[in-house]
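*Asks:* what follows is a protein structure lacking sequence information:
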């Protein structure tokens with residue numbers, strides 16, 4: 001893997017043994033941009049690359065792997081039973097929350113065909129199954145959580161301004177918080 005990026009885990013309890021868990025392949029058009037721990041044994045990494053369809057476009061992929069390098073799984077071209085989603089989105093690695101309270105779940109944001117607005121999905125980091133947590137909320141283009149699995153903030157453009165929204169504890173509706 002000389003000259004290529006690689007993610008290593010270091011076992012602090014076993015003589016600091018290093019394990020290469022994931023890296024960019026020599027023929028890959030994708031390079032990884034970030035990695036984070038989904039739980040104590042599972043790592044998620046975001047890959048970015050430029051692909052050619054009719055035009056060049058940047059796309060991302062989300063990859064999960066165990067800390068020992070086993071059970072690697074690429075999540076892309078989702079199979080989701082969502083009426084507003086056709087199974088493909090160029091940006092597929094937007095993690096909103098690693099700490100949902102469930103060991104095997106993270107929250108992701110995924111753009112939809114419904115006007116291009118993202119939905120919030122709960123992703124199982126082992127099998128790739130997803131479930132809709134929040135449907136798109138126009139004009140919100142980006143969500144943020146409270147770090148405990150609750151989506152609380154959002155923002156997006158409308159009428160040449162950026163609108164900020166908040167969802168308070170126990171509330172199901174989004175409230176406008178401000179605009180610039």
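*Replies:* Cool, got the structure. All values reported here derive from a predicted model rather than from experimental measurement.

*Asks:* all strands for this protein, in order.
*Replies:* 6-11, 17-23, 30-37, 42-52, 56-66, 73-75, 94-97, 105-111, 118-124, 130-134, 142-145, 151-158, 161-166, 175-179 (DSSP state E).

*Asks:* possible to save those strands as a markdown table with mean neighbour count?
*Replies:* C-beta coordinates here come from the backbone N, C-alpha and C atoms, glycine included. Below are those laid out as a markdown table (neighbours: other C-beta atoms under 10 Å):
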| stretch | mean neighbour count |
| --- | --- |
| strand 6-11 | 14 |
| strand 17-23 | 14 |
| strand 30-37 | 15 |
| strand 42-52 | 17 |
| strand 56-66 | 17 |
| strand 73-75 | 16 |
| strand 94-97 | 21 |
| strand 105-111 | 23 |
| strand 118-124 | 22 |
| strand 130-134 | 18 |
| strand 142-145 | 17 |
| strand 151-158 | 17 |
| strand 161-166 | 15 |
| strand 175-179 | 11 |
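
*Asks:* how about those in TSV, adding mean pLDDT?
*Replies:* Output for the strands of the chain, formatted as TSV (pLDDT from 0 to 100):
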stretch	mean pLDDT
strand 6-11	66
strand 17-23	65
strand 30-37	79
strand 42-52	78
strand 56-66	76
strand 73-75	80
strand 94-97	88
strand 105-111	88
strand 118-124	89
strand 130-134	87
strand 142-145	92
strand 151-158	92
strand 161-166	95
strand 175-179	92
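
*Asks:* who touches residue 177 in this structure?
*Replies:* 153, 164-166 (C-beta atoms under 8 Å, 6 or more residues apart in numbering).

*Asks:* oh sorry, the question was meant for residue 33
*Replies:* 46-48, 60, 93.

*Asks:* any idea how far residue 101 is from residue 174?
*Replies:* 22 Å (C-beta to C-beta, to the nearest Å).

*Asks:* what's the answer for residue 137, then?
*Replies:* 6 Å.

*Asks:* what sits in contact with each of these two?
*Replies:* 154, 165.

*Asks:* please look at residue 140 and residue 166 and confirm they touch.
*Replies:* No. Using C-beta atoms under 8 Å, residue 140 is not in contact with residue 166, being 11.0 Å away.

*Asks:* so what pairs up with residue 62 in the strands?
*Replies:* In this structure, residue 62 bridges to residue 46, residue 75 when assessed by DSSP bridges.

*Asks:* with residue 130 instead?
*Replies:* residue 123.

*Asks:* follow-up on the earlier one: can I get the contacts of residue 177 in CSV with distance to residue 111?
*Replies:* Formatted as CSV, the contacts of residue 177 follow (distance: C-beta to C-beta, whole Å):
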residue, distance to residue 111
153, 18
164, 20
165, 18
166, 22
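
*Asks:* nearest to residue 180, of the residues you listed?
*Replies:* Residue 180 has its nearest neighbour among the contacts of residue 177 in residue 164, at 8.0 Å by C-beta to C-beta.
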